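Colleague: compute the structure for the input listed below.
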Amino acid sequence: MTETGKRATNATISDLGIKNATAHWNLTPEELASISIEKGQATLTSTGAININTGEFTGRSPMDRFIVKDAITEDSVWWGKVNLSFDADKFDALEQKMVNYLSKKELYVRDAYACAEDKYRTNIRVVNEYAWSNMFAYNMFLRPTDAEIENFNAEWTILNAPGFMADAEIDGTRQHNFAILNFTKKVILIGGTGYTGEIKKGIFSALNFILPFRKNVLPMHCSANTGGKGDTAIFFGLSGTGKTTLSADPNRNLIGDDEHGWSGEL
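Modeller: Below is the predicted model:
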């Protein structure tokens with residue numbers, strides 16, 4: 001087992017049951033881009049950005065997103081076509097298969113957090129099969145300082161393995177790809193898809209449950225900006241309807257363009 005990069009003092013990839021892997025922790029975007037290009041998984045564009053072909057899936061697969069039904073979620077989640085249930089024992093078995101799959105591989109680990117307000121902060125550890133997936137996590141989530149990484153304790157863990165295909169008949173999934181949240185174990189499994197938006201949406205799905213029930217905060221899928229007098233505008237709408245465009249006003253400060261929480265506190 002080899003561990004490189006900046007990481008918490010006592011953190012190792014073996015803590016997750018992953019054995020004999022090479023784990024690169026908290027690499028810079030430049031390092032991740034270089035690795036992606038060297039491995040033939042990305043191409044460099046004329047702007048200096050990297051271009052990725054995510055393969056079969058170029059967007060989310062909502063019919064393959066599941067939530068483990070357990071003591072925490074059974075009576076709290078609105079089960080149906082949007083929130084599909086998953087058996088806890090099936091989750092445990094699938095998690096072990098993923099851990100075995102990731103063992104002996106070269107992996108990329110990112111420590112990050114969601115929620116800018118300290119009292120609502122949720123620490124996240126993302127384990128990626130591919131460097132470019134880890135670069136997405138760098139861009140999407142909030143970044144701890146070097147000092148914070150030294151004492152970082154992950155609350156939620158994401159195991160992301162695009163190359164791992166589920167066996168639907170055995171594993172309980174709908175097909176070979178899946179994204180499954182377990183609120184008791186605070187683990188999210190994502191496999192069979194290279195679309196990195198599943199990583200983001202997994203954490204936002206967790207927050208959509210945690211924030212209202214546990215912290216009295218309203219999660220909102222919106223963009224928001226603020227004016228010089230402290231006035232705030234919030235733009236709601238489905239994905240692709242123009243929230244980002246409308247909130248990018250040169251005369252107003254952008255707060256964010258995708259997910260926000262309203263706590264009622266100034």
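
Colleague: all strands of the stretch 101-250 of the chain, in order?
Modeller: 106-114, 122-128, 156-161, 178-182, 187-191, 218-226, 232-236 (DSSP state E, counting those that start in this stretch).

Colleague: and the ones you listed as JSON lines, adding mean neighbour count and mean pLDDT?
Modeller: Every C-beta, even on glycine, is put in place using the N, C-alpha and C of the backbone. As requested, those are exported to JSON lines (neighbours: other CB atoms under 10 Å; pLDDT from 0 to 100):
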{"stretch": "strand 106-114", "mean neighbour count": "23", "mean pLDDT": "97"}
{"stretch": "strand 122-128", "mean neighbour count": "23", "mean pLDDT": "98"}
{"stretch": "strand 156-161", "mean neighbour count": "24", "mean pLDDT": "98"}
{"stretch": "strand 178-182", "mean neighbour count": "26", "mean pLDDT": "98"}
{"stretch": "strand 187-191", "mean neighbour count": "25", "mean pLDDT": "98"}
{"stretch": "strand 218-226", "mean neighbour count": "18", "mean pLDDT": "95"}
{"stretch": "strand 232-236", "mean neighbour count": "14", "mean pLDDT": "96"}
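
Colleague: okay, the ones you listed in TSV with distance to N83 next?
Modeller: Formatted as TSV, these follow (distance: least, CB to CB, whole Å):
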stretch	distance to N83
strand 106-114	20
strand 122-128	20
strand 156-161	18
strand 178-182	10
strand 187-191	15
strand 218-226	15
strand 232-236	21
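
Colleague: so for A248, which of these sits nearest?
Modeller: Nearest of the strands of the stretch 101-250 of the chain to A248, taken as CB to CB: strand 218-226 at 8.0 Å.

Colleague: quick one: the helices in the chain?
Modeller: Applying DSSP state H to the chain gives helices spanning 29-38, 88-102, 131-140, 146-150, 168-171, 197-215, 243-247.

Colleague: tell me the pLDDT of A93.
Modeller: Note for A93: predicted pLDDT of 98.

Colleague: report the central residue of the protein.
Modeller: Taking CA atoms, centre = their mean, the centroid of the chain lies closest to I199, which sits 2.9 Å from it.

Colleague: my guess is that residue contacts I124. True?
Modeller: No. The pair I199 / I124 is not scored as a contact, 9.3 Å apart, by CB atoms under 8 Å.

Colleague: who touches both of those two?
Modeller: In terms of CB atoms under 8 Å, 6 or more residues apart in numbering, I199 and I124 are both contacted by the residues I158.

Colleague: out of the strands of the stretch 101-250 of the chain, which is closest to I149?
Modeller: Set against I149 and scored by CB to CB, those come closest in strand 106-114, at 5.6 Å.
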